Every structure is written in C-alpha cells, then in structure tokens.
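The following comprises the amino acid sequence and a computationally predicted model.
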Amino acid sequence: MNDPRIGIALLNIPTDNFRFDQEAMTQKQIFIAQKIPWFGKLSLRSQQAAMKAIRQEAILKAKRLELAREIAMPYYELGFVTSGQKTNERLIKMLTQLLRVSETRYSTGQGLQQDVLQAQVELSKLLDEQITLAKKRRTLEDRINSLLNREPFIPVTPPESLPYPDPALKIEELQTRALTMNPWLKVKQAEIELAGVGIELARKDYWPDLDFKVAYGQREEDFNGRDLPDFISTSVVMNIPFWKKTRQDKKLEATKFNHQAALQSYQNLANGLPHKIDALVTDIRNLQKNYKLITDALIIFNQRITCSASIKNVQNLKKFWAHRFCLRILVIMYLICKRKKHHETIFKKIHLYSNLWFDQSVDSTDHRGGFRHESHRRTEINGYKSTGFGKGTKSRND
C-alpha cells in the first residue's frame, strides 16, 4: 500500500485584484488522497516481499558455508605447513651434523670432497625450503585473519594431531541430503516462486489502480457580507491501459522468461549435485587409501632410513646418499601407481626393498658407491628379475 498524500490549494482566484471575497467560487482547499491497488495486487506484493526475504536468508546460509570452507582450507593447510617446518628443522640439524662429519673425514684424508659438496648442496636446499615454508605460513595466517575480518595481525595456532577421519560414506544417502539441504537449491527454489508471483503481478497490471481523493474548500464572506458555505469534493481517478502492447504485454513476457530461466537454473543445479557428490566421495576414498599407503609403508620406510643413516651407524657417507636416492625412487613409484590395482604391487616392492637394503648384516655399497647384495644375487619381484635397483628383465611367466 502506498502512503497517503495530503496537499493544499487555492481555487478560482480572480486575477484583477486577487481578492478572496469577490467571487463566490474562490476558496482555500485542503485535500487528502490515497491510491489503492486493484483487488489482489496487495496480497501478491506481500508474497513477493516474503519470497525476497526467504531468498536472502538462503543466500546468507550459503555464504556462511562458503566462508567456513574458505577458512577451513587455509587452516588445515597451515597445519600441514607447520608439520613441514618441524620436519625441515630436524633434517637441517641432521644434515648439519653430517656436513661436520664429512668435513672432518675430508680433512683427515678419509673422505671425499664430493661428500662435503653434496652435503652443502642438500643443506642449502633445506634452508631455501625453510624460507619458503615460513613465507607460506605467514601468507596462510594473513588469509585466515582476512577471512575472519581481523584488523591487526594475530598469529593463528595450527591444528596438531588430527584424528584420522573414517566416515561411512553412502553415496545415495548423501545425494538425498544434498538435494534437500543444499542452501543454493533453496535459493533457486525461492527464485522460482518469486518469478511465479511476478507473473501474477504482471497479469494484474492490466487492471487499473484506483486513486481516491477527498477535499475541503473554505470560502470567505462576499463583499455584501453574506456567509458563503464551504465545499467538500471527492473524486476517483484510474489509469487506462492504452499502451498495453508496449508496456503490460512486454512486462508479462519478460516475467515468463524469468520464470523459465529460474526453473532451468534449479534443474541444472539439481542434476549436477549427485555427480559432484559421487566425485567427492570417490576422491575421499582414494585419499583414504593413499593415506593408509603412506602411513603403513612409506613413513615406516622413511623411519628405517633415518635410523640407518644416523651418525653413529654410518661407516660410509655414500650409504646415506644411496638411501636417500632409494627413498626418492619409491616416492616416484608411489605417485605413478595411483590406480587401485597397483597398490598391492607397490606394497610388496616397498617391503622387499626395505628388507633388502637395510639388512645390517650385509654391506649395501661397494667402493664405487653402487648397490650390491650377496654378490648381486638375482631377486624376483612381482614378475621382474633384477640384479639391482632399476635393472631388470620381465619374467617369461608374465
């Protein structure tokens, strides 16, 4: 409903002397007017306002979820970077000790200059990585503070010792929940209802609005001294849809197109959500398998490298670089074997190579820094016969 209007007016004033008592129809008038929409328009506008409020509320919920996701991603990334910094510090201490041993052995004539240079190169790489990790941590903290709308910089405590998530993921159940609880679907649903109300309002525009007016006119005594009675006037004004082809028809057509676009947008989102859920569940399951592969094999293998490469047990520095090279090769093998059917193969190779290379009763390097094990005996690994790492022939059985 529009606000009422009030006004004043001077009517029928003669222009020769501008007196109020010369003519009988001269009057001072005050009026009040109210425009009333056609029947049904007011309720439709109320529905339209309610639909807009519902839509904005759904958008607010969707934005909150997006903000929570945008904060969670750098927060857990911060925990990963912090863990990397701790590992980097331990490796720097370890390589610093190794560099001192290399320099001592080289100064006494028992070591090679190549060992010293290689240790210096590896140490410089770790120091460069330390700077990169510190920069990345500060960037993540700035990102979190910005998302939380904090004015000064506040250090963020990273997560530590997170439990392993093992949820029971049922794709059909998740798809159903997504179709019923997704906030953007509710936004699209509100847009459909809003467009439907707009169509009804566009149809009502063919009917005119009514403008009621009530006026009171006060008259002065005439020049003969007669007391003239005052006037009360009423009127009703309505618009005529004379230009309906260029106004009302176009507006109705536009609202119908808006309704079709809202329906199509809702349908596209509803059709795409199940596929997104399926892809997300697949990624989570693959990440769980990769996590178990890393924790059950690669981390154990890395720990055995660290123990075997301790300063107390190192008799030849080339052994440490050989172990480090082996770890790089196994990590590359893990990244290549992403498919499920290759996981078992990589497990067998990791356990076999770890037992082969870290048997303390057998020296793993010769005077040239190469690998040997019991005079290069041939070992069959999943159909491959090998005399050393990286050299092998396919078994005829395969």
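Structure's in. What do you need?

Can you list the helices and strands that the lengthiest helix in the chain packs against?
The residue-count maximum for a helix in the chain (DSSP state H) belongs to helix 41-107. On a contact count with 3 or more C-beta pairs under 8 Å, 6 or more residues apart in numbering; DSSP states H and E, helix 41-107 meets helix 113-147, helix 183-204, helix 317-336. For every residue, glycine as well, the C-beta is placed using N, CA and C.

try it again with 10 Å
Judged by 3 or more C-beta pairs under 10 Å, 6 or more residues apart in numbering; DSSP states H and E, helix 41-107 is in contact with helix 113-147, helix 183-204, helix 299-308, helix 317-336.

quick one: pLDDT of the closest residue to Gln113 other than its chain neighbours?
In space, and not counting its chain neighbours, Gln113 is closest to Tyr106: 5.9 Å by C-beta to C-beta, 6 or more residues apart in numbering. Note for Tyr106: predicted pLDDT of 83.

list the contacts for Tyr106?
112-117, 317 (C-beta atoms under 10 Å, 6 or more residues apart in numbering).

try it again with 7 Å
112-113, 115-116 (C-beta atoms under 7 Å, 6 or more residues apart in numbering).

and if you look at Ile277?
The contact partners of Ile277, taken as C-beta under 7 Å, 6+ apart, are 171, 174-175, 178.

which one of these is nearest Ile36?
Closest approach to Ile36 among the contacts of Ile277 (C-beta to C-beta): Ala178, at 46.0 Å.

The closest one: what's it in contact with?
273, 277.

List the buried residues of the host helix or strand of it.
According to DSSP states H and E, Ala178 maps onto helix 171-181. Using 16 or more other C-beta atoms under 10 Å as the test for burial, helix 171-181 gives 174-175, 178.

I'd like the distance from that helix to the chain centre, please.
Relative to the centre of its chain, helix 171-181 is centred 19 Å away, using C-alpha atoms, centre = their mean, to the nearest Å.

how big is the angle separating it from helix 41-107?
130 degrees (axes from the mean of the first three to the mean of the last three C-alpha atoms, to 10 degrees).

Now helix 171-181 - C-alpha only, PDB.
Extracted in PDB, the C-alpha atoms of helix 171-181 (Å, rounded to 0.1, in the frame of the first residue of the first chain):
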ATOM      1  CA  ILE A 171      26.500 -42.100  -1.900                       C
ATOM      2  CA  GLU A 172      22.700 -42.400  -2.200                       C
ATOM      3  CA  GLU A 173      22.100 -41.000   1.300                       C
ATOM      4  CA  LEU A 174      24.500 -38.100   0.700                       C
ATOM      5  CA  GLN A 175      22.800 -37.300  -2.600                       C
ATOM      6  CA  THR A 176      19.400 -37.300  -1.000                       C
ATOM      7  CA  ARG A 177      20.600 -35.000   1.800                       C
ATOM      8  CA  ALA A 178      22.200 -32.700  -0.700                       C
ATOM      9  CA  LEU A 179      19.000 -32.300  -2.700                       C
ATOM     10  CA  THR A 180      17.000 -31.500   0.400                       C
ATOM     11  CA  MET A 181      19.500 -29.400   2.400                       C
END
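
secondary structure class for the residue located most distally from the centre of the chain?
Most distant from the centre of the chain: Asn224, at 86.7 Å, with distances by C-alpha atoms, centre = their mean. With DSSP: H, G, I helix; E, B strand; the rest coil as the basis, Asn224 sits in coil.

Look up how far Lys276 lies from it.
91 Å (C-beta to C-beta, to the nearest Å).

now Gln29
68 Å.

With neighbour numbers in mind, choose between these two.
In this view Gln29 and Lys276 are compared by other C-beta atoms under 10 Å, and Gln29 has more residues nearby, 18 against 12.

give me the element that one is part of.
Gln29 belongs to strand 27-36 when elements are defined using DSSP H and E.

How about Phe20?
Applying DSSP H and E, one finds Phe20 in no helix or strand.

Could you find the closest non-adjacent residue to it?
Glu220 (4.4 Å).

Now do the SS call for that neighbour.
Applying three-state DSSP: Glu220 is coil.

Would you mind confirming that it is in contact with Gln22?
No. Counting by C-beta atoms under 7 Å, Glu220 sits too far from Gln22 to count as a contact (9.3 Å).

Drop anything exposed from the contacts of Tyr106.
115-116.

Out of the contacts of Ile277, which is nearest to Lys292?
Scanning those for proximity to Lys292, where the rule is C-beta to C-beta, the winner is Ile171, at 20.8 Å.

hang on, isn't that closest one packed against Ala279?
No. In this structure, Ile171 is not within contact of Ala279 by C-beta under 7 Å, at 10.3 Å.

measure the residue lying closest to Arg5 once chain neighbours are set aside to Val237 for me?
Closest residue to Arg5 apart from its sequence neighbours, by C-beta to C-beta, 6+ apart: Ala33 at 4.4 Å. Between Ala33 and Val237 the distance, using C-beta to C-beta, works out to 9 Å.

what residues are shared contacts of those two?
The contact lists of Ala33 and Val237 share Asp211, where a contact means C-beta under 7 Å, 6+ apart.

pLDDT on stretch 189-203, on average?
For stretch 189-203, the mean confidence score works out to 93.

now do stretch 257-269
On average, stretch 257-269 scores 94.

Show me the contact partners of it.
Taking C-beta under 7 Å, 6+ apart as the rule, stretch 257-269 contacts 184-185, 188-189, 191-192, 195-196, 198-199.
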